[in-house]
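Trainee: A predicted structure for the sequence below; I have some questions about it.
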Amino acid sequence: MENTDFETNIKQRGQIVSMLEKGDIHLEKAVELYREGVKLSAVCRKQLDEAKIKITEVDGYAPSK
Amino acid sequence: MPVITVSQINRYIGSVLKGDKNLQGIIVKGEISGFVRHYKSGHCYFSLKDRDCAVKAVMFASYASRLKFQPEDGMEIIVSGSISVYERDGAYQLYVNDIIPLGAGKESIALEQLKRKLSAERIFDESHKKKIPFMPKKVGAVTSLNGAAIHDIINVLTRRYPLCELYAVNAAVQGESAPQSICCGITQAESAGCDVIIIGRGGGSSEDLSAFNTEAVARAVYNCKVPVISAVGHEVDFSITDMAADLRAPTPSAAAELAVPDIRRLAEITDNLVSRAGKAVENYISRKISAYTEISSRLSAQSPENRLKLMEERLGGLMNRAETAINRRINDKESDLREAAGRLDSLSPLKVMARGYSLVYSDEKLVRDSDEISEGQRVMIRFNGGGAEAEIKKIW
């Protein structure tokens, strides 16, 4: 989960919430989904808080100066 | 020798000039000077000059309105037209019907043509514009890494969306090698797996736009598989690159803003999802509980225990009713009895005797008539309290 990127995590969490909102699942499954959702939220939040831009600079063809 | 008028001479010269094929339908090269457009008629007046000479020129509004550029003093041009005389002033002038600019003007003509050509190929069509991904993982930037543009882009991305990776390709944005450099940069960023590519100039309004007005760059932008945001930064006129790009930004900073979402907004989304999940679970559980309650109440209604209880209740009810009925009847009878007893009591001879009456018995028989006794007979008298034996003295 920590290794998955933010976008995938947030998307997955959206799906979990939708499933919970639909509600046609077993209780055990719902509890499990909720637990996973909360965990994912924490991961997402952490990813946002700890995000640091990565910059790669490459030489192109015939760079100026 | 006949005397002729000024008008005649001017008219004659005019006809001579009109008849000279060397002066009709000619093409003349020169520089514009003293250009004036008559504000009311729209006719244009100027001089066409070279290093040594000048000739007056006029372009009537009907022709001037067809020009795709604005003639200015100092512009090198080629005109087509004819020489004729303005009879009033006796001056010959060049009557211009078209102007083609040279030099810088030539480029703008070529640009117009290129725009038309690419437009005909639908390279600028809205239907080809790709959507910018909401959360790009890798943002490409093709620009001069020595310019201000890349710093602006880095600043915005760092503040707005540090989750992404910036892949910055150094490219010449002016000079002869610029178009090829930009094209290669786009390809490089594309093959490096960028989700969106920003191409822009280094900043500074005096910079040359021409690289971004080349067919090669326009096609490279058009052919790029991932969305391209142009940040060429020219507010007056769009470059061809701007027109071919999927999105146009006025500056490199603006391009970076358009390329990525705001992390604060994402944090909001995250928090919002958490509360949504919580609500969803609450709803889910309360739904389950009410379903459970309903089903278990239905179930227990059907249990033998409950049925027994129900029957007991019914039985109890019946018994109660029976008891009530019986009690009522007993009460009725009791009150009947009490009434009867009361009545009986009031009829009791003892009561009568209590009022002062006495009973007379003869041989244990109650005497009701004087016929039943004879004189000298002994009788028994019974009072309310006590009794006495008496002898009959006289009968009447």
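Mentor: Yep, it's here. Numbers count the residues shown, from 1 in each chain, chains lettered A, B, ... in the order given.

Trainee: in contact with the residue most central in space within chain A, which residues?
Mentor: By C-alpha atoms, centre = their mean, chain A has its centre lying nearest to A:N9, at 1.9 Å. Shown in contact with A:N9 (C-beta atoms under 8 Å, 6 or more residues apart in numbering or on different chains): A:1, A:40, A:43-44, A:47. Using the backbone N, CA and C atoms, a C-beta is placed for each residue, glycine as well.

Trainee: near chain A, which residues of the stretch 251-396 of chain B are found?
Mentor: B:263, B:266-267, B:269-270, B:273-274, B:276-277, B:280-281, B:283-285, B:287-288 (C-beta under 8 Å from any C-beta of the partner chain).

Trainee: quick check: PyMOL command selecting the buried ones in the contacts of A:N9.
Mentor: Selection of buried members from the contacts of A:N9 for PyMOL, criterion 16 or more other C-beta atoms under 10 Å in any protein chain shown:
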select buried, chain A and resi 40+43+44+47
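
Trainee: just the C-alphas of the helix or strand hosting the residue nearest to the centre of chain A, formatted as PDB.
Mentor: Using DSSP states H and E, A:N9 maps to helix A:6-22. Extracted as PDB, the C-alpha positions of helix A:6-22 are listed here (Å, rounded to 0.1, in the frame of the first residue of the first chain):
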ATOM      1  CA  PHE A   6      -1.100   8.100  -4.500                       C
ATOM      2  CA  GLU A   7      -3.300   8.100  -7.500                       C
ATOM      3  CA  THR A   8      -3.900   4.400  -7.300                       C
ATOM      4  CA  ASN A   9      -4.500   4.500  -3.600                       C
ATOM      5  CA  ILE A  10      -7.000   7.300  -3.800                       C
ATOM      6  CA  LYS A  11      -8.800   5.600  -6.700                       C
ATOM      7  CA  GLN A  12      -9.000   2.400  -4.800                       C
ATOM      8  CA  ARG A  13     -10.300   4.200  -1.700                       C
ATOM      9  CA  GLY A  14     -13.000   5.800  -3.900                       C
ATOM     10  CA  GLN A  15     -14.000   2.300  -4.900                       C
ATOM     11  CA  ILE A  16     -14.100   1.100  -1.400                       C
ATOM     12  CA  VAL A  17     -16.300   4.000  -0.300                       C
ATOM     13  CA  SER A  18     -18.600   3.400  -3.200                       C
ATOM     14  CA  MET A  19     -18.900  -0.300  -2.300                       C
ATOM     15  CA  LEU A  20     -19.700   0.600   1.300                       C
ATOM     16  CA  GLU A  21     -22.200   3.200   0.200                       C
ATOM     17  CA  LYS A  22     -23.900   0.600  -2.000                       C
END
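
Trainee: now do the SS call for B:L350.
Mentor: helix (DSSP: H, G, I helix; E, B strand; the rest coil).

Trainee: how much space between B:P304 and chain A?
Mentor: Separation of B:P304 from chain A (C-beta to the nearest C-beta, to the nearest Å) stands at 29 Å.

Trainee: next one: B:G387
Mentor: 101 Å.

Trainee: contacting residues around that residue?
Mentor: Applying C-beta under 8 Å, 6+ apart, the residues near B:G387 are B:380-381.

Trainee: what about burial for the residues of the stretch 251-396 of chain B next to chain A, which qualify?
Mentor: Among those, those scoring as buried are B:263, B:266, B:269-270, B:273-274, B:276-277, B:280-281, B:284 (criterion: 16+ other C-beta under 10 Å).

Trainee: out of those, who's nearest chain A?
Mentor: If you rank those by distance to chain A using C-beta to the nearest C-beta, B:A280 comes first, at 3.5 Å.

Trainee: can you tell me the closest non-neighbouring residue to the closest one?
Mentor: Leaving aside its sequence neighbours, B:A280 sits nearest to A:L20 (C-beta to C-beta, 6 or more residues apart in numbering or on different chains; 3.5 Å).

Trainee: per-residue pLDDT, that neighbour?
Mentor: On pLDDT, A:L20 comes in at 80.

Trainee: what's the following helix or strand after whichever strand or helix holds B:L258?
Mentor: Element membership of B:L258, judged by DSSP H and E, is helix B:252-259. Next in sequence after helix B:252-259, counting helices and strands by DSSP H and E, comes helix B:263-301.

Trainee: so which elements touch the helix or strand just after that following helix?
Mentor: Once the chain leaves helix B:263-301, the next helix or strand it forms, by DSSP H and E, is helix B:304-347. For helix B:304-347, not one helix or strand is in contact under the criterion 3 or more C-beta pairs under 8 Å, 6 or more residues apart in numbering or on different chains; DSSP states H and E.

Trainee: next, B:G175: phi, psi?
Mentor: With angles defined as degrees, to the nearest 10, B:G175 sits at phi 100, psi 170.

Trainee: that one: how many residues sit nearby?
Mentor: Around B:G175 there are 14 other residues, counting by other C-beta atoms under 10 Å in any protein chain shown.

Trainee: just give me the longest helix of chain A.
Mentor: Taking DSSP state H as the criterion, chain A has its longest helix at helix A:27-50.

Trainee: where in the stretch 51-200 of chain B is pLDDT low?
Mentor: B:104-109 (pLDDT under 70).

Trainee: what are the boundaries of the helices in it?
Mentor: Assigned by DSSP state H, counting those that start in this stretch, the stretch 51-200 of chain B shows helices spanning B:61-64, B:104-120, B:148-160, B:178-191.
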